[in-house]
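Q: Structure of the sequence below:
(one chain, ligands or ions: 4)
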Amino acid sequence: LKMENGLRRALVNGELELHYQPKVDITTGRISSTEALIRWRHPERGLVPPGDFIPLAEETGLILQIGEWVLREACRQARQWQVNNVAPVRVAINMSAQQFRQKNLVSVVQSALEDANLEPTYLEIELTESAVMHNAATSTAILEQLSRLGVHISIDDFGTGYSSLNYLRRFPLDKLKIDRSFIKDVVANPEDAAIVHAIISLAHSLRLKVIAEGVETEQQLQFLRGLGCDQYQGFFCSPAMTADRFAEMMQDQN
Ligand code: G
Ligand code: G
Ligand code: MN
Ligand code: NA
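A: Ligands and ions are numbered 1, 2, ... in the order given. Alright, predicted model coming up:
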């Protein structure tokens, strides 16, 4: 209960912040998008990672308010970078299953974009397999409305859940994100390599882009390049950083 009240206070007092991790195009080496990752700047505990409070937010339903804050803040920041003449970058948010199933989701997204004056193509929504495959028929309708708005949609942590290939084909998706558990030993472990190869082939045959998460070494990157992976994310480029630091990184690549 103490932590729940603390989280409510965090929302009101502006203690939540978004940090940004680059997503890099493997062929060009350029950063074209970024994932917003939430942190809680706690007055006593310092910077608290999402794993320490998102589960509680989901249990208490606070995730809806937090999720809307994330959505609005990511749109505001994406637009602010444009106003500051940072090269245009698409910002991806993580959306929880509860938020995805919320009745007025499409209008919440639309009003966040309008209020921020952000073109929808600069927003990407990351959803897990379980979020979209649970009640897949309903998901199709919501995804189609989001896609019609012009936002991009990715499946996060791909390979760790259960996907119906039939729905994967029908959903209006843009990208699969290969879970980092498959990337960790991809160079040395032929089974992981086979899975990664299969996911890349599947994505491309469905005309989806594919991004590898958790890339930490040059060897992993070379391996993924050889398999035709489109993008990567991971400590080899950079961990998540503040919005200001990310803007500097974008300026440096010009
Ligand atoms: O930033 P970090 O590496 O600690 O992220 C850990 C987990 O927290 C990831 O699985 C990520 O998807 C999740 N996460 C980060 N930011 C958000 C957010 O804004 N909303 C939700 N629902 N999950 C998030
Ligand atoms: O939303 P998602 O589950 O993809 O969350 C991203 C998480 O992955 C964050 O917790 C982030 O800190 C973590 N992460 C990002 N890059 C790397 C990496 O190269 N290696 C490892 N081990 N974790 C990473
Ligand atoms: Mn993610
Ligand atoms: Na992920």
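Q: make it CA atoms for all contacts and neighbour counts henceforth
A: Noted.
Q: Can you name every helix or strand that the top strand by length along the chain contacts?
A: In the chain, taking DSSP state E as the definition, the longest strand is strand 31-42. Packing contacts for strand 31-42, counted by 3 or more C-alpha pairs under 8 Å, 6 or more residues apart in numbering; DSSP states H and E, involve strand 16-25, strand 46-48, strand 90-94.
Q: And it, what's buried?
A: Across strand 31-42, burial judged by 16 or more other C-alpha atoms under 10 Å covers I31, S32, S33, T34, E35, A36, L37, I38, R39, W40, R41.
Q: Which strands border it, and is each parallel or antiparallel?
A: Strands that pair with strand 31-42, judged by DSSP bridges, come out as strand 16-25 (antiparallel), strand 46-48 (antiparallel), strand 90-94 (parallel).
Q: returning to what we had before: looking at the helices and strands packed on strand 31-42, spot the one closest to ligand 1.
A: Comparison of the helices and strands packed on strand 31-42 against ligand 1 by C-alpha to the nearest ligand atom identifies strand 90-94 as nearest, at 4.7 Å.
Q: how far out from the middle of the chain is the closest one?
A: 5 Å (C-alpha atoms, centre = their mean, to the nearest Å).
Q: same check, this time on stretch 225-234
A: Centroid separation for stretch 225-234 versus its chain: 16 Å, with C-alpha atoms, centre = their mean.
Q: and it with ligand 2, contact?
A: Yes. Stretch 225-234 reaches ligand 2 (C-alpha under 6 Å from any ligand atom) through G234.
Q: What residues of that stretch count as buried?
A: G228, C229, D230, Q231, Y232, Q233, G234.
Q: can you pull the contacts of the first one?
A: This points to G228. The neighbours of G228, taking C-alpha atoms under 8 Å, 6 or more residues apart in numbering as the test, are I200.
Q: check which helix or strand covers P239.
A: Under DSSP states H and E, no helix or strand contains P239.
Q: That'll do, ta.
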